[in-house]
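Student: build me a model:
(one chain, ligands or ions: 1)
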Amino acid sequence: MIPILDLSQQTAALLPEIERTVGEIYRSGSFILGKHGKALEAEIAQRSEVGHGIGVASGTDALHMALRALNIGPGDEVITSSFTFIATAEAISYCGATPVFADIDPLTFNLDPRKVAEKLTSRTKAILPVHLFGQSSDMDPLVALAKEHGLGIVEDCAQAIGTLYKGRPVGCFGAAGCFSFYPTKNLGAFGDGGMAVTDSADLAQRMRSLRAHGQSERYYHDEVGYCSRLDEIQAAILRIKLPHLDQWNRQRAAIADRYDALLADLPLHTPGRASYSTHTYHQYTVRTEHREQFLSGLKERGIGVGVYYPVPIHLQKAYADLGYQPGDLKESEKAAAEVFSLPIYPDLREEQIAEVVEAMHKAAPLAWV
Ligand SMILES: *Cc1c(COP(=O)(O)O)cnc(C)c1O
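Tutor: Numbers count the residues shown, from 1 in each chain. Okay, the predicted model is just below:
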């Protein structure tokens with residue numbers, strides 16, 4: 001039995017420190033927007049090579065606050081990926097704007113900048129690239145496109161904390177970068193949490209106001225805002241974990257290297273690696289025409305698997321009113337039909353990797369054994 005994700009060991013090692021710190025927070029009585037929240041904002045901003053971090057209640061909210069701070073609203077279009085978690089599109093919808101889906105590069109599963117250019121209209125206000133599975137989108141052409149047309153960029157970095165694009169951290173290329181600390185992410189809290197980062201003092205101030213009911217100073221409200229803050233307990237837990245993040249990401253990459261080598265003889269594509277990005281392997285995602293066969297074989301042998309994502313957003317019932325049809329985004333639809341993800345987490349041991357690999361070979365279509 002190998003679960004798709006098991007963080008119990010990494011958490012066990014840090015538990016004494018976490019318990020001590022949570023006790024301190026309880027005794028201090030400072031539960032929201034206190035010293036840990038501020039310190040984490042500074043630490044994440046610094047790692048992202050920008051000036052400001054704004055802790056919020058989730059990654060979804062970080063995207064929402066960032067888009068609101070850019071004044072995205074009704075009548076506006078935001079171009080994004082359809083092959084992502086639905087929160088990416090929801091954040092656009094929450095603003096009253098319309099998500100416009102562009103197709104992906106089949107190598108990386110990220111937005112294809114040429115396909116983004118085809119979707120530009122007079123209503124386009126922003127581009128929302130997703131750094132899916134731990135690999136950066138190709139930012140240079142997207143930044144050039146945004147400059148040329150006066151658009152904002154908000155980066156969805158929920159799956160890519162620690163990833164570098166041409167040597168610089170994701171989140172520093174757009175007007176804002178948005179992280180999620182959902183427990184299963186590479187840096188996960190003990191509940192929901194998120195953060196937006198930006199180099200713009202104005203955007204930072206607006207997001208700080210928006211997350212706290214639109215107030216500029218206590219009980220003076222400039223606009224109708226939201227209740228979306230990162231609490232002290234989550235921030236403190238994240239600060240205890242953060243110094244280990246790079247090491248954990250290296251362990252993930254080493255496991256991915258092993259899988260790449262050991263699965264090379266099977267009828268599947270191991271994850272493509274773009275030359276311009278590092279990969280932090282939030283997911284180790286393969287693609288194959290034989291997905292159902294692999295999935296049933298792995299399940300039989302107790303190997304945890306996931307399909308991220310089985311239905312691209314443009315074909316989800318929730319977005320039926322946008323009027324997309326099957327065939328509109330060929331690469332996104334093909335990816336949704338072919339991908340599945342194998343167990344990957346920092347403490348996955350060599351013998352567990354071997355067990356997954358053996359199960360993969362046993363599950364493979366007959367002609368390939
Ligand atoms: C997890 C995730 C989000 C949302 O983050 P939450 O913290 O769960 O709200 C957004 N986009 C992507 C790509 C994600 O994986």
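Student: residues from this protein in reach of the ligand?
Tutor: Counting by C-beta under 6 Å from any ligand atom, the chain comes close to the ligand at 58-60, 84-85, 87-88, 130, 156, 158-159, 180, 182, 192, 194. In short, each C-beta sits where N, CA and C put it, glycine included.
Student: ranking these by neighbours, who comes first?
Tutor: Highest neighbour count within these, by other C-beta atoms under 10 Å: Asp156, with 31 neighbours.
Student: quick one: that residue from Val224, how far?
Tutor: Separation of Asp156 from Val224 (C-beta to C-beta, to the nearest Å): 25 Å.
Student: likewise for Ala264?
Tutor: 55 Å.
Student: the strands in the stretch 51-200 of the chain, which residues?
Tutor: 52-56, 77-81, 98-102, 124-128, 152-156, 164-165, 168-169, 176-180, 194-198 (DSSP state E, counting those that start in this stretch).
Student: Val197 contacts Ala175, doesn't it?
Tutor: No - counting by C-beta atoms under 8 Å, Val197 stays clear of Ala175, with 10.4 Å between them.
Student: between those two, which one's more packed in?
Tutor: Val197 (32 against 20).
Student: wait, what's in contact with the more buried one?
Tutor: 44-45, 48, 50, 52-54, 171-172, 176-179 (C-beta atoms under 8 Å, 6 or more residues apart in numbering).
Student: what subset of the residues you listed is buried?
Tutor: Neighbour-count burial (16 or more other C-beta atoms under 10 Å) applied to these gives 44-45, 48, 50, 52-54, 171-172, 176-179.
Student: which helices and strands does the longest helix anywhere in the chain pack with?
Tutor: Identified as the longest helix of the chain according to DSSP state H is helix 8-28. If you count contacts as 3 or more C-beta pairs under 8 Å, 6 or more residues apart in numbering; DSSP states H and E, helix 8-28 packs onto helix 232-241.
Student: so the following helix or strand past the helix it packs on versus helix 232-241, what angle?
Tutor: For helix 232-241, the following helix or strand on the C-terminal side (DSSP states H and E) is helix 245-262. Helix 245-262 runs at 60 degrees relative to helix 232-241, counting by axes from the mean of the first three to the mean of the last three C-alpha atoms, to 10 degrees.
Student: from the chain's centre, how far out does helix 245-262 sit?
Tutor: Distance of helix 245-262 from the chain centroid (C-alpha atoms, centre = their mean, to the nearest Å) equals 18 Å.
Student: check stretch 237-250 too.
Tutor: Computed by C-alpha atoms, centre = their mean, the separation of stretch 237-250 from the middle of its chain amounts to 16 Å.
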